[in-house]
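>>> my questions concern the predicted model and sequence given below.
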Amino acid sequence: MSHSYYAIPGNELEQSPKIPLRVLGDSGEVFYEMALDMVQQIRTSNQVGKPTVLICPVGPVGQYPIFVRLVNEERLSLKNCWFINMDEYLTDERTYIGEESALSFRGFMNRQVYGKIDPALLMPPEQRVFPDPEDPENVQRIIASLGGVDLALGGIGINGHLAFNEPQPGMTAEEFSRLHTRALRISPETRTANAIGDLGGAIEDMPEWCVTIGIAEILSARRVRLGVFRDWHRSVVRRAAFGERSAAFPVTLLQTHPDACIYVNANAARLPF
């Protein structure tokens, strides 16, 4: 069975998608837009004395060097910012993998983001939040106490997952939309794609478990911005923006979000086949 949306050429992607698409040039443009979204939200919130609440990914990560440079150059204070990371890998015992692991999202953020920002500008450690497999409700409590999420950033998995919210075809879109932060088993498709990108294809060494922020938390954000740039994103972005809204492809749930956008580089805009 073929799907007509896979035949939509790149120069027509911005015409009537169910999720707004912004087709850009190279990947650097995608990452720049995501970094600028972060900086502008923080700048705006600081000006009115409000906290900034961001949901942040580790994948994509190309926005972070740009973000770090802009923060340090502008002397942009993060003291009133809360970064809620999307997810983290777990051991088979459902505990965090070690931060020293090259796969650890906590380790990445500490080394490549927090460790590169001037300490005088950095938020305190308690405002750098990861979902906790031992207390998954903590993310909900923090978001509620701060008045909601200003901006959620992220990418899209090969099976349409946002964070590690893996497809559940047996659920309705509405049921799936209500899922909150939790630990879960990672799908074979996601483990394979991540092993190719992160471990040179060593699937057997990829963690089988993760903790993820809920799709409910992502959908609750006032703005959502996603970036796509890989070869296989050519199909993923078309299904996301033109396919059926379904728990079988979670990113399609953003089709009813009031302020979502996907940044598409020139590579991902090309026809899949």
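It's in.
>>> quick one: buried residues of the helix or strand of the chain with the lowest mean pLDDT?
Ranked by mean pLDDT, DSSP states H and E, the weakest helix or strand in the chain is helix 188-198, scoring a mean of 95. Within helix 188-198, the residues scored as buried using 16 or more other C-beta atoms under 10 Å are 190, 191, 193, 194, 195. C-beta here means a position set from N, CA and C on the backbone, and glycine is covered the same way.
>>> who's in contact with the fourth one?
By C-beta atoms under 8 Å, 6 or more residues apart in numbering, the contact set of residue 194 is 186, 206.
>>> okay, the least confident helix or strand of the chain in PDB with CA atoms only?
Listed next in PDB are the C-alpha coordinates belonging to helix 188-198 (Å, rounded to 0.1, in the frame of the first residue of the first chain):
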ATOM      1  CA  PRO A 188      13.300  -2.200  18.300                       C
ATOM      2  CA  GLU A 189      13.000   0.500  15.600                       C
ATOM      3  CA  THR A 190      14.200   3.200  18.000                       C
ATOM      4  CA  ARG A 191      17.000   1.000  19.400                       C
ATOM      5  CA  THR A 192      18.200   0.300  15.800                       C
ATOM      6  CA  ALA A 193      18.100   3.900  14.600                       C
ATOM      7  CA  ASN A 194      19.900   5.100  17.800                       C
ATOM      8  CA  ALA A 195      22.500   2.300  17.500                       C
ATOM      9  CA  ILE A 196      23.300   3.400  14.000                       C
ATOM     10  CA  GLY A 197      23.700   7.000  15.100                       C
ATOM     11  CA  ASP A 198      25.400   6.600  18.400                       C
END
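>>> ok, then the element right after it?
Counting by DSSP states H and E, the element after helix 188-198 in chain order, helix or strand, is strand 209-212.
>>> please consider this matter closed, and thank you.
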